[in-house]
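Trainee: output the structure for:
(2 chains)
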Amino acid sequence: MKSKKFSRNCLVAAALMLGAMNSNAASPTMDKIKSTGAVTMGVRESSIPMSYTTGDSRFDGYHVEVCRMILADIKDKLGMSTLRINYQPVTSQNRVPLVQNGTVDIECGTTTNNAARAKDVGFANTLYVEEVRIAVKANSGINSISQLAGKKVATTTGTTSVQLLRKHEKANGVNFDEVFGKDHADSFLLLESGRADAFVMDGSILAGNIANAKNPKDFKIVGEVLSTEPIAIMVPKNDPEFKAAVNAAIAKIVANGKMPALWDKWFLKPIPPKNIVVGLELSPATKNAWANPNDKPAEDYQQKK
Amino acid sequence: MALDFGVFCKNTLDGEVVDHCFSAVFGLAQNSDPSYLDWLMKAWGWTLAVAGLGLTIALILGAVMGTLRTLPDNGSLSRWLVRLSTVWVELFRNIPILVQVFIWYHVIPAFILPLKSLPSYWLVSIALGFFTSARIAEQIRAGIQALPSGQRAAATALGFTTAQSYRYVILPMALRIVIPPLTSESMNLIKNSSVAFAVSVPELTLFAMQAQEETSHGVEIYLAVTLLYALSAFAVNRVMAQIEKRTRIPGFIVSNDASLAH
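Mentor: Numbers count the residues shown, from 1 in each chain, chains lettered A, B, ... in the order given. Now for the predicted structure:
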């Protein structure tokens, strides 16, 4: 009797330990997804065409669609029949804390993968490489950053482009008269209204704003690429299994040859809700990221130049 | 979470630690590149410049408009001046300050072209000044109307013109009465000057938004900026308290001491 009880206790203890070990080894994010049947995707409100709202709390975009494919793959891997996706709009200021504290399981916006952020969060393999460019009025005759000396250059507060301009001024001994928009639409308004001669920003944002302008033909993107930055999907930091599952899903999407069609859909064809065309050609840098999956931070891209 | 204020000693170009963190601010030594502390101080300067300019505009216009609102009804000129000042107050206090800043920056220069060449901090100061002047005008009016009506009657009986009775009798008393609400309004103006970031004035709020993005040390940056805002507002509070003390006439103004208790 006594020994029977003892052995049963042993069994329970062993089962408990096994259970504990199991939950340690598995990914907390995947556990949460499996137990709740839902996942929270961080999205942006107006980062056309990467991640934006199409109205009525619906979200879409290049990264959002990729994320939906990734989550479908993870759903199959976990053997779930349905997976509810909750969309959580995030901003540049709160996206990292929200991923850190687990409010957001996977952030599909326009976050630059850099070393400072990589201390707090994890990044999936890069699917989009952003190039910082210059937008000017088509009739301005400006073709290069060297022609911007002494001119008014607009950029958006709270973006890496501001620091980039400062570095450029220092390195080349030129002086820009910087004006700061409070958001991208505001910066574009500065260019449109003539308060600025140029708008320096990520190429996709410039293209999106020009596409949205009253007369898109009045503006053009010119000059050399000022900086190259990998934009990546953000995942929790201490969950290597979830990150591996995301990267496996990305590898599958790339291997199935779906990326060129996705690019076509979001960057070259009319997109909802207003059927504008962003019109940004696939860059060699992005093509390279698809061919060689990696999660290198922006710092590595700078050194390459 | 551990705070790392060392971020302020970092170079704004490449994030390396600079040679002279504090000395650079006081002009004792020069860094080859500015640190975030240098930038913070510069941003503070912009905040104080915009707020100071705005306050000057607000006090002058507020005093004028507030006085005009209380003019006695003795002729068509004074009736028109009362109407003008009422419209002024209602116009500028019924529109949110951020909207007014955008109107001054984006809309008005499109019609009045010379304004386009005016630097943006002037336009923000005008917007802040006009907005605050509407509020100050109301306080001045309240101060004037708080005076017993006998004061005005006595001035008239002495043969003072309207201008003289304001200059020698009404305003010296009314302005002393409204110093406490003017203190709050001046402190508000410092805090309201944060809207200047929206039209590209490189002041504290713009610094905070930009530097927290560059350094990923948002908490430290915002703490420092909060401290400087609080310090500036408190300094205004102390200056106004001094003015209130210096200008007090014993037994004359309703004040927080016991002189009232006859």
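
Trainee: contacts and neighbour counts: CA atoms only from here.
Mentor: OK.

Trainee: and the residue in the stretch 1-150 of chain B that chain A sits nearest to, how many residues sit next to it?
Mentor: Closest approach between the stretch 1-150 of chain B and chain A, counting by CA to the nearest CA: B:Leu13, at 5.7 Å. B:Leu13 has 18 neighbours, counted by other CA atoms under 10 Å in any protein chain shown.

Trainee: what strand or helix carries the residue lying closest to it once chain neighbours are set aside?
Mentor: Distances taken as CA to CA, 6 or more residues apart in numbering or on different chains place A:Lys167 nearest to B:Leu13, at 5.7 Å, with adjacent residues excluded. A:Lys167 belongs to helix A:160-172 when assigned by DSSP states H and E.

Trainee: try B:Trp80
Mentor: Element membership of B:Trp80 [criterion: DSSP H and E] is helix B:76-93.

Trainee: and A:Val43, what does it touch?
Mentor: Neighbouring residues of A:Val43 by CA atoms under 8 Å, 6 or more residues apart in numbering or on different chains: A:51-52, A:59, A:64, A:87-90, A:107-109.

Trainee: columns distance to B:Pro172 and pLDDT on top of those, output as a markdown table?
Mentor: As requested, the contacts of A:Val43 are exported to a markdown table (distance: CA to CA, whole Å; pLDDT from 0 to 100):
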| residue | distance to B:Pro172 | pLDDT |
| --- | --- | --- |
| A:Ser51 | 61 | 92 |
| A:Tyr52 | 59 | 92 |
| A:Phe59 | 62 | 95 |
| A:Val64 | 66 | 96 |
| A:Tyr87 | 62 | 96 |
| A:Gln88 | 58 | 96 |
| A:Pro89 | 56 | 95 |
| A:Val90 | 54 | 93 |
| A:Glu107 | 62 | 97 |
| A:Cys108 | 63 | 96 |
| A:Gly109 | 61 | 93 |
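
Trainee: quick check, nearest of these to B:Ser194?
Mentor: A:Val90 (23.2 Å; CA to CA).

Trainee: quick one, what contacts the closest one?
Mentor: A:Val90 makes contact with A:42-45, according to CA under 8 Å, 6+ apart.

Trainee: now, the residues you listed that are in helices?
Mentor: Among the contacts of A:Val90, none falls in helices (DSSP state H).

Trainee: what's the most distant pair in these?
Mentor: A:Gly42 and A:Glu45 (10.1 Å).

Trainee: so what sits against both of those two?
Mentor: Counting by CA under 8 Å, 6+ apart, the shared contacts of A:Gly42 and A:Glu45 are A:89-90.

Trainee: and those two? which has more neighbours close in?
Mentor: Taking other CA under 10 Å, A:Gly42 and A:Glu45 do not tie; A:Gly42 has more neighbours (26 against 19).

Trainee: and the pLDDT at the more buried one?
Mentor: The model reports A:Gly42 with a pLDDT of 96.

Trainee: ditto for A:Lys32
Mentor: Per-residue pLDDT puts A:Lys32 at 94.

Trainee: mind checking how far the helix or strand harbouring it is from the chain centre?
Mentor: Using DSSP H and E, A:Lys32 sits within helix A:28-36. How far helix A:28-36 lies from its chain's middle: 23 Å, per CA atoms, centre = their mean, to the nearest Å.

Trainee: residues of that helix that come out buried?
Mentor: A:28-30, A:33-34 (16 or more other CA atoms under 10 Å in any protein chain shown).

Trainee: and what of stretch A:155-172?
Mentor: Within stretch A:155-172, the residues scored as buried using 16+ other CA under 10 Å are A:155-166, A:168.

Trainee: could you dump those residues into JSON lines and include pLDDT and distance to A:Lys258?
Mentor: Converted to JSON lines, these look like this (pLDDT from 0 to 100; distance: CA to CA, whole Å):
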{"residue": "A:Thr155", "pLDDT": "93", "distance to A:Lys258": "34"}
{"residue": "A:Thr156", "pLDDT": "91", "distance to A:Lys258": "33"}
{"residue": "A:Thr157", "pLDDT": "89", "distance to A:Lys258": "35"}
{"residue": "A:Gly158", "pLDDT": "83", "distance to A:Lys258": "33"}
{"residue": "A:Thr159", "pLDDT": "84", "distance to A:Lys258": "31"}
{"residue": "A:Thr160", "pLDDT": "82", "distance to A:Lys258": "30"}
{"residue": "A:Ser161", "pLDDT": "87", "distance to A:Lys258": "31"}
{"residue": "A:Val162", "pLDDT": "89", "distance to A:Lys258": "35"}
{"residue": "A:Gln163", "pLDDT": "86", "distance to A:Lys258": "35"}
{"residue": "A:Leu164", "pLDDT": "87", "distance to A:Lys258": "33"}
{"residue": "A:Leu165", "pLDDT": "89", "distance to A:Lys258": "36"}
{"residue": "A:Arg166", "pLDDT": "87", "distance to A:Lys258": "39"}
{"residue": "A:His168", "pLDDT": "85", "distance to A:Lys258": "37"}
